[in-house]
Structures are given as structure tokens and as C-alpha cells.
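Peer 1: what would the 3D arrangement of this be:
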Amino acid sequence: MKQSILILFTFITGSLASCSKFLDVKPKGKLIPAEVADFDHLLDNSNIAQWVFLDNNTGCNLGYLTDNLSLSDGIGNISYKANNHPNIDRYWAYVYRQPYKNPSTSDYFWDWGTYRSMAYFNNVIDGVRGIPNLTAENQQYAKRVVAQALVNRAWSYFITTLVYGPVYKPGSPNDTKTIPYVTSSDVGAALPDLSTQEQAFALVSKDVHAALGHIPEVTNWPSRPTKVAAQALLAYYHLFTQKYDSVVYYANLAWTAASAGGTDKLIYDYNSFSWTDPTNVINSTIKAQDNFLTAANSRENLFYRNIDAGAGRSSSSYPSEEVIALYDQANDLRFKYFFLTAPGYKTTYNGVVYDDGNRIQYYRGSKSTMTAGFSYPELLLMRAEGYARTNRLSAAIDDLNTLRRYRYKMGTPPLTVGSQAEVIQQVLDERRRELPLGSFKRFLDLKRLCLETGKPWSKQTIQHKLGTATFTGTVDSKDFILTISNVVLKFNPQWNIPLDGRPF
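Peer 2: Down below sits the predicted model:
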């Protein structure tokens, strides 16, 4: 069983060893409690934010399952397939050929992402709670540190159970076993059984609510969750439970607290943007209201996690025609600054020229630093969606117009209130424009929205074109579920999941 734990944490032992100036290690692998500050330092490790659902080249195949990205014949069949691209799982995801990843190799999402981070969080929680004889002041410090680790853990497991599990269906048993919700820092302890999705949801909620009373209002870096970030997580959580009154409740608490100093401190006004070099916008930086547009601590990043910043550019993919059509190209300044026309993929293979010509490409990942966690614009959009779904339509439109004042050309007419369905659609369209094209946000939105069959924003299938071929994926199916690697499964036969013997 000890092997079972080690296979989860193969990649973190070296990382924790690098913290040896703070910590010693017991023979069984459990950290010896020292000072609260020693454990607090672990929450600053860059690995926590760097490798969240990203491959070794910082891409994410989950985006390739969605309707946000497209591949040309050259990118798909030559750059990825013929050249045996090191991240060919993106191609297999795009054409819905399973398994997407080689089941016999380590899974970066699992090993480098969720469970490496989990070792930090669980060591912090157990370590701080195990320190004896704390002063009253250090007791409060300890509670703040543990609270941050709990919210970090909850966010990571929440995304992971949704990625490795089926569509969550409110009111149903949701009894499919998905992931082990590891909470012990002791690598010699027995590995828990896989949690069902309903159990994972309950544990996520428990962790966040346990943290709410102690989590700090301000932290030193946006990779550390604040109280506003914890409330944003609960709002996001309830988008999936479809308890939209709770979405409103938590999003409103978070937005009200965050915006107390003014919305200008939370959202960049694109009307004030300009090019550093307007003669070469592809390579130009953007002059913004401060110098942090391309930094992780950008004013818009509430809770920072790294994204697939290259998605939508010819080195990996293009924005889909559907995405491009969502933008008001004359007035939406996101289109002006981030959707730029540049030479596309071009190569010669076996005497055949593949030339995509000039293509609209997505440069937001290189012109700014976005987050796969939560941004303040997303928080505002979650409140807007909650309002729309609880039929507070004027409030929803007000939130949309607040964001649009920062994103559209000055003088663009504000939105007006329509029917409930129209307002929900407007909110979801704005959400899609605002969030990253790659990574997992749209992937998870498709999974939660597919339940609303018959609504214009709900899709049961996604179609991708590649040359003359068309490939179809079904959202509520195995097409939108990642599988656990054989590297993990073979050491955990108690999970009763057969090894994946499909050819790769």
C-alpha cells in the first residue's frame, strides 16, 4: 500500500526535499512539525500554480475537446500526427480518438498537477495542526495558513473530480467513483478508496466552509486564496449544483468585498490601452494602466493558476470560427488587441505544401497573463449568471454592462433587458468571450450546460473539422472524461479499475 501512495507522489518528493532548510523528513515520509512559518512557506511553491492541467509544454488537451479551438489540415495531420508531436494527445482529443493520452505513461495532469500540489497542501494542514504549544498569536496565524491550504485543496479536487468524472447531475446519485480524495500527509498511510463524485463534492464543500472563518482578506500573492477567492469557489461550485440562489449569495459577497475600493482596481479599461509599437502589433506589448498586465498579480487575477497561453496560435491551434463570430469586431476591444491576423502554419511534407495563409489568431495569452483559477471579471459574470437564472434580469444586465464598459469602445450602447433566456444567453456569451480559449474552463462549462437540453446555450455534441473529415464528440459521455493512467492503476488494484489495454 505504501507503493500506492508513492506512485501518486513520485514527482513531489524531490520538490519537498528542496524545502529542507525549513523541514526535516521522518523515515515514513511525514514532515516533522516545526514553525507555522515553515509550513506557510510551502504555499509559495511555484509548482502549485504552474502545472494545473497542463502538459510538459504547458498546453492542455481539454481545450481541444471543446468548440473554442480548431485545427487546420496542416496543424492536425502534419504538425501533430505525421511528426508524432510530443503532445499528440491534443490531436487525439480534437478527433475524439481514445485513449487521448498514452495510458502506459505518467499523466502530467495527475502527477505534476493535482497530486504534487496536494502533497504541499496536506503537509501544511497536518503539519500546522500538529505543532504543540502555540501562543495565542500563532494560533491565529496557524488557522489562517491552514485555511489557505484547505481552499487550495478544495479547488484542486473540485476541478479534478469534474475532469476525471462524468457530467455532474444535480438530484442524481452521482455515484461514479472518480478520484482519491487524499487528505493525509503520511505517505505510509493507506490510500483511500476512490471517492464518488457526490462524495468529492461534499468534501470540497466541507473544506471550503471549514476555511471561511479564518482565511485572510489579503494574501501576498494571488496563487494564495483569499476570503474573496473562497467565496468565488463556492459560487462556482454552485453553478454545477444548479443552486443559483447560492451562486448569487457567494458571488455577491465576494464582489461586494472586492469592489469596495472601486471597480477600476479590479478590471483593466481597454479604452486606455495602446500599442507600444503600432507598426508591429504581433510583437508589440500593450500599454495599460499599470505595468502588471502580463504578471500573475495582474489587477484582474483573483486566484492565479497558469493557463494554456499558446492555445489559438498557429504553433498549436486556431480560434474556432464560432468563437470569432461571438465578438463585435467593430467595438469589442478584446478583438482589437487579442485577435490578430498573422501568417498561419506552413510546411512541406512528402512534397506537399501545407499553407494556411494569413489567419486570425488568439494572442491574449501572450499579451496578458490570464488565470485558470478565478479572475474578477469571471466573478462578476458568475453573479450575473446567478441573477439571470433567478430571474433578476435587470441586475444581471447591470453586471454585464459594468464589464462591457471596460471591454467595448466608449460609446457602445449598453445592453437592455430582454427575456430570461435572452439574458442567460448574453451572460454565457460574455463568459465565453472573457475566459481563456484553452485550458479547462470551456470544457467544464460544456459539461454543466449540456444538461439543459433544448436551450440555445446547451450542446450535447461537439463537431470538429479536419481537412475534409468531421469528428463528433458527445459531451455527456466518455468523450469528455479523462482516464486514470495505468501507471497509477497497476499499483491500486483495490480500485477495481482494469488496466487500459487500448492501443495508443
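Peer 1: and the contacts of stretch 152-161?
Peer 2: Contacts of stretch 152-161 with the rest of the structure, by Cβ atoms under 8 Å, 6 or more residues apart in numbering, involve 43, 48, 52-53, 113-114, 117-118, 121-122, 125, 178-179, 181, 183, 195, 197, 200-201, 203-205, 207-208, 211, 224-225, 233, 236-237, 303, 373, 440, 444. To be clear about C-beta, it is placed using only N, CA and C from the backbone, and glycine gets the same treatment.
Peer 1: you'd agree residue 348 is in a helix?
Peer 2: No. In this structure, residue 348 is strand, not part of a helix, as judged by DSSP: H, G, I helix; E, B strand; the rest coil.
Peer 1: if we ignore the residues flanking it in sequence, what's nearest it?
Peer 2: If you skip the residues right next to it in sequence, residue 348 has residue 354 as its closest partner in space, 7.3 Å away by Cβ to Cβ, 6 or more residues apart in numbering.
Peer 1: what's the burial count for the one you found?
Peer 2: Summarising burial for residue 354: neighbours were counted as other Cβ atoms under 10 Å, giving 18.
Peer 1: show me where the protein has its strands.
Peer 2: 69-70, 177-180, 194-196, 274-275, 286-287, 301-303, 318-319, 339-343, 346-349, 352-355, 358-362, 374-375, 461-466, 469-474 (DSSP state E).
Peer 1: same for the fourth one, what does it pack against?
Peer 2: Contacts defined by 3 or more Cβ pairs under 8 Å, 6 or more residues apart in numbering; DSSP states H and E place strand 274-275 against strand 286-287.
Peer 1: off-centre distance for the strand it packs on?
Peer 2: In terms of Cα atoms, centre = their mean, to the nearest Å, the centre of strand 286-287 is set 26 Å apart from its chain centre.
Peer 1: and what of stretch 327-334?
Peer 2: In terms of Cα atoms, centre = their mean, the centre of stretch 327-334 is found 25 Å from the chain centre.
Peer 1: quote the end-to-end distance of that stretch.
Peer 2: End-to-end distance of stretch 327-334 (Cα to Cα, to the nearest Å): 8 Å.
Peer 1: pretty sure residue 217 contacts residue 229?
Peer 2: No. With contact defined as Cβ atoms under 8 Å, residue 217 does not reach residue 229; the gap is 10.5 Å.
Peer 1: tell me how far the closest residue to residue 245 other than its chain neighbours lies from residue 383.
Peer 2: Leaving aside its sequence neighbours, residue 245 sits nearest to residue 390 (Cβ to Cβ, 6+ apart; 5.8 Å). Using Cβ to Cβ, to the nearest Å, one gets 11 Å for the distance from residue 390 to residue 383.
Peer 1: those two: which is more packed in?
Peer 2: More crowded of residue 390 and residue 383, by other Cβ under 10 Å: residue 383, with 29 against 15.
Peer 1: residue contacts, that one?
Peer 2: In this structure, residue 383 makes contact with 235, 247, 248, 251, 252, 255, 399, judged by Cβ under 8 Å, 6+ apart.
Peer 1: show the buried residues in those residues.
Peer 2: Burial by neighbour count, 16 or more other Cβ atoms under 10 Å: within the contacts of residue 383 this picks out 235, 247, 248, 251, 252, 255, 399.
Peer 1: number of residues surrounding residue 489?
Peer 2: Using other Cβ under 10 Å as the criterion, residue 489 is surrounded by 18 other residues.
Peer 1: let's number from 36 now, not from 1
Peer 2: Fine by me, first position is 36 from now on; the one you just mentioned is residue 524.
Peer 1: okay but it is in contact with residue 536, surely?
Peer 2: No. With contact defined as Cβ under 8 Å, residue 524 and residue 536 do not form a contacting pair (11.3 Å).
Peer 1: what touches both of the two?
Peer 2: A shared contact of residue 524 and residue 536, defined by Cβ under 8 Å, 6+ apart, is any residue touching both; here there are none.
Peer 1: and the residue nearest to residue 280, backbone torsions?
Peer 2: Its backbone dihedrals place residue 425 at phi -100, psi 20, with angles given as degrees, to the nearest 10.
Peer 1: can you tell me how far it is from residue 450?
Peer 2: If you measure residue 425 against residue 450 using Cβ to Cβ, the figure is 18 Å.
Peer 1: and residue 37, what pLDDT?
Peer 2: According to the model's per-residue confidence, residue 37 sits at a pLDDT of 42.
Peer 1: now swap in residue 224 and tell me
Peer 2: Reading off the confidence values, residue 224 has pLDDT 81.
Peer 1: can you give me phi and psi for it?
Peer 2: The phi and psi values for residue 224, taken as degrees, to the nearest 10, are phi -80, psi 160.
Peer 1: how many other residues sit next to it?
Peer 2: Taking other Cβ under 10 Å as the neighbour definition, residue 224 ends up with a count of 17.
Peer 1: what of residue 455?
Peer 2: Residues lying near residue 455 (other Cβ under 10 Å) number 15.
Peer 1: before we move on, the earlier item: neighbour count winner among residue 252 and residue 264?
Peer 2: Applying other Cβ under 10 Å to residue 252 and residue 264 shows that residue 264 carries more neighbours, namely 24 against 9.
Peer 1: ok, that one - contacts?
Peer 2: Residues 186, 289, 337, 338, 408, 409 are the ones in contact with residue 264 under the rule Cβ under 8 Å, 6+ apart.
Peer 1: over to residue 311?
Peer 2: Here residue 311 is in contact with 319, 320, 321, 322 (criterion: Cβ under 8 Å, 6+ apart).
Peer 1: just the buried residues of these.
Peer 2: Among the contacts of residue 311, those classed as buried by 16+ other Cβ under 10 Å are 319, 321.
Peer 1: now for the contacts of residue 311, which pair is the farthest apart?
Peer 2: The widest separation within the contacts of residue 311, taken as Cβ to Cβ, falls between 319 and 322 and amounts to 9.3 Å.
Peer 1: intersection of neighbour lists for these two?
Peer 2: Residues touching both residue 319 and residue 322 (Cβ under 8 Å, 6+ apart) are 310, 311.
Peer 1: quick revisit: give me the common contacts of residue 425 and residue 418.
Peer 2: Residues touching both residue 425 and residue 418 by Cβ under 8 Å, 6+ apart: residue 283.
Peer 1: need the contacts of residue 418 in a markdown table with distance to residue 125 and pLDDT, can you?
Peer 2: Shown next, in a markdown table, are these (distance: Cβ to Cβ, whole Å; pLDDT from 0 to 100):
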| residue | distance to residue 125 | pLDDT |
| --- | --- | --- |
| 270 | 30 | 99 |
| 282 | 32 | 99 |
| 283 | 37 | 98 |
| 286 | 32 | 99 |
| 287 | 38 | 98 |
| 290 | 35 | 98 |
| 434 | 34 | 98 |
